[in-house]
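J.: Whatever this is, show me its structure:
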Amino acid sequence: MTTLVPSLDDRRRSASNTGTGLRARIRGLPAAIRASEYLVVGGGHRYRGVQRRRTRSASRVSFLVVAAFNLLDATYLIGLGTPGVGPAIAFDVLVGLAALIAWWQLPRRLYHHPEATASVIMLGVAITTVASGTLAPALAVQTVGYLLLLPTLIALALPWRTIVHLRWLGAFSLVAAAYLIAGAGARFSVSERDDLIIVLVVSIFASLIGHGLLNRGQIRAFAQMERIRVLRGRAATDHRELERVHDELERSAAIDPLTGAGNRRRLHEDMVRVRGQMERFGTSYGLMEVDIDHFKGINDRLGHLAGDDVLRRVVGAVTTATRATDAVYRYGGEEFVVLLPIQDADHLLRAAERLRTAVLRLRIAHPANGKLGVVSVSIGATLIGTEALHLSDEQWFEVVDRAMYEAKAGGRNQVRVTTALAV
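T.: Sure thing, here's the model as predicted:
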């Protein structure tokens, strides 16, 4: 009796498979994230070129803005004349000069490697800010302000690819968190550091969200292009498959499924081609009709399967004995037609004898074939010249058919060649 309650082994196997699937999904998560549309924005060569130019231009403008802001701030502090602002003025001047030097000296590197150069520079600005706040506690508040604003300014100013932006945020997070936790202890209390860390996290997320909002058009366009590319790939694959199926159908429609020889449809198509070549180049062709002697006796005594095997083996021998330019067709039950370009009746006779001998050498047992006792063929052949172009295909076959019956009437296992259609 069949039970619908799963056994304990089935439940364990199901749980094991579920766990394996979950672990596989977790292990594949990084690859899935890397392959997601959002992270590969700008994956195309054309888009990357646009991004390089935008990053290069935005980076140089950013250097000028940073230099101008810091130098103006230093000028403002000098104008105030407030005591104790010397370190702040020195910091502003140092950052401003560094930005000017970067704007002046880095255009070539920005041209060749804009994203990498800009990300290294901005990370260097963050490290320099942290070092200034650590060495000069009086600058702690000012440096923290730079650190909190820098991620958002980066998102607004630099059109990096998303993957570059994420890498920069990861490195920046490590530098800023280490500074707020360990380096700023002399200036801020524990609660203030906790608040600043929270603000830093918010700033990092705001930078990421701002990057996404600023690039949503490119992200959407790239996603659409990816979908179009996938659809085109599928369409191309379907087209190739349709062509393959069509070619197979064409081949199968022109080939006899039992013997692999051409069928009557293929024969009539090739006859049209042969007529064109004869008319254009004046060439002559040989037409043979090959008939297996007493084939009905094979089916009656040995069965139809044995008869099918004889047909296949005879076609194989005939095909092997012909040239690459010759063609073999199954014309009827045990009748085959060979079409071959040839010069004269003597060459045609030798070609026909070669086919007859090839079949005889198979030594296939045939008790109903008289004294021979093996399978043999009778061949009628005719040479077709340009004079016969006005005749129909049926008239050509009538001539070669009469020659084949003359071979049978003469005792079978022989060749008869007629030149009734020759030039």
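J.: from here on, contacts and neighbour counts on C-alpha atoms
T.: Noted.
J.: Next, name the residue at the spatial heart of this structure.
T.: With distances taken as CA atoms, centre = their mean, Gly233 lies nearest the centre of the chain, 7.4 Å away.
J.: what's the helix or strand for that one?
T.: Element membership of Gly233 [criterion: DSSP states H and E] is helix 216-253.
J.: which residues touch the residue nearest to the centre of the chain?
T.: If a contact means CA atoms under 8 Å, 6 or more residues apart in numbering, then Gly233 has no contacts.
J.: Just give me the neighbour total for Thr319.
T.: Using other CA atoms under 10 Å, Thr319 has 19 other residues around it.
J.: before we move on, the earlier item: tell me which strands and helices the next helix or strand after the helix holding Gly233 is in contact with?
T.: Where DSSP H and E defines the elements, the next helix or strand beyond helix 216-253 is helix 264-281. Helix 264-281 sits against strand 327-330, with contacts defined as 3 or more CA pairs under 8 Å, 6 or more residues apart in numbering; DSSP states H and E.
J.: Just the CA atoms of the strand it packs on, as PDB, please.
T.: Output in PDB follows, covering the C-alpha atoms of strand 327-330 (Å, rounded to 0.1, in the frame of the first residue of the first chain):
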ATOM      1  CA  ALA A 327      25.700  11.400 -58.000                       C
ATOM      2  CA  VAL A 328      23.700   8.400 -57.000                       C
ATOM      3  CA  TYR A 329      19.900   8.400 -56.700                       C
ATOM      4  CA  ARG A 330      17.200   5.900 -55.700                       C
END
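J.: List the contacts of that strand.
T.: Contact with strand 327-330 is made by 256, 259, 261-264, 266-267, 315, 318-319, 336-340, as judged by CA under 8 Å, 6+ apart.
J.: One more pass at 10 Å, please.
T.: With contact meaning CA atoms under 10 Å, 6 or more residues apart in numbering, strand 327-330 is reached by 254-256, 258-267, 270, 288-290, 311, 315-316, 318-319, 322, 335-341.
J.: in the stretch 151-300 of the chain, what spans have low per-residue confidence?
T.: 183-187, 217-223, 225-226 (pLDDT under 70).
J.: so where do the helices sit in the stretch 301-423 of the chain?
T.: All helices of the stretch 301-423 of the chain, identified by DSSP state H, counting those that start in this stretch, fall at 304-321, 345-360, 393-409.
J.: Tell me which of those helices lies nearest to Tyr179.
T.: Between Tyr179 and the helices of the stretch 301-423 of the chain, the tightest spacing by CA to CA is seen for helix 304-321, at 85.8 Å.
J.: just to confirm, which helix or strand has Leu148 in it?
T.: Per DSSP H and E, Leu148 falls inside helix 140-157.
J.: what's the domain layout of the protein?
T.: Following automatic domain parsing, the chain resolves into domains at 42-214, 264-418.
J.: does Leu147 really touch Ala176, like I thought?
T.: Yes - the pair Leu147 / Ala176 is scored as a contact, 6.8 Å apart, by CA atoms under 10 Å.
J.: So the two - more neighbours on which side?
T.: Applying other CA under 10 Å to Leu147 and Ala176 shows that Leu147 carries more neighbours, namely 25 against 21.
J.: Check the more buried one and give its pLDDT.
T.: Confidence at Leu147, expressed as pLDDT, is 80.
J.: before we move on, what about Gly43?
T.: If you check Gly43, the pLDDT there is 50.
J.: ok so, going back, with distance to Leu242 added, can I get the domains of the chain in a markdown table?
T.: A markdown table is the format used below for these (distance: least, CA to CA, whole Å):
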| stretch | distance to Leu242 |
| --- | --- |
| domain 42-214 | 30 |
| domain 264-418 | 22 |
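J.: Of all those, which one comes closest to Arg244?
T.: The nearest among the domains of the chain, by CA to CA, is domain 264-418 at 19.2 Å.
J.: helices or strands next to the helix or strand encompassing Leu64 in the packing?
T.: Under the criterion of DSSP H and E, Leu64 resides in helix 45-80. Applying 3 or more CA pairs under 10 Å, 6 or more residues apart in numbering; DSSP states H and E, one finds that helix 45-80 contacts helix 86-105, helix 107-112, helix 114-135, helix 140-157.
J.: Mean pLDDT lowest where, among those helices?
T.: helix 107-112 (a mean of 64).
J.: Which residues are in contact with Leu311?
T.: Leu311 neighbours (CA under 10 Å, 6+ apart): Leu258, Thr259, Ile292, Phe295, Leu305, Arg330, Gly333, Glu334, Glu335, Phe336.
J.: And the furthest pair within those residues?
T.: Greatest spacing in those, by CA to CA: Leu305 and Phe336 (18.8 Å).
J.: of those two, who's got more company?
T.: A count of neighbours by other CA under 10 Å puts Phe336 above the other of Leu305 and Phe336, at 24 against 11.
J.: How many neighbouring residues does Asp270 have?
T.: If we define neighbours as other CA under 10 Å, then Asp270 has 15 of them.
J.: hang on, it packs against Asp326?
T.: No - under the criterion of CA under 10 Å, Asp270 makes no contact with Asp326, lying 11.1 Å away.
J.: overlap in contacts of the two?
T.: Leu339.
J.: picking that back up, which of the contacts of strand 327-330 count as buried?
T.: The neighbour-count test (16 or more other CA atoms under 10 Å) marks 254-256, 259-264, 266-267, 288-290, 311, 315-316, 318-319, 322, 335-341 as buried among these.
J.: coming back round to it: just put the helices and strands packed on helix 45-80 in JSON lines and tack on distance to Thr382.
T.: Shown next, in JSON lines, are those (distance: least, CA to CA, whole Å):
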{"stretch": "helix 86-105", "distance to Thr382": "90"}
{"stretch": "helix 107-112", "distance to Thr382": "77"}
{"stretch": "helix 114-135", "distance to Thr382": "80"}
{"stretch": "helix 140-157", "distance to Thr382": "87"}
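J.: So which of those helices is nearest Thr386?
T.: Of all those, helix 107-112 comes closest under CA to CA, at 72.2 Å.
J.: Could you tell me the angle between the helix holding Gly233 and helix 45-80?
T.: 170 degrees (axes from the mean of the first three to the mean of the last three CA atoms, to 10 degrees).
J.: Spit out the contact partners of Glu398.
T.: Residues near Glu398 by CA under 10 Å, 6+ apart: Met404.
J.: how close does it sit to Arg227?
T.: Going from Glu398 to Arg227 by CA to CA, to the nearest Å gives 62 Å.
J.: Fine, thanks again, bye for now.
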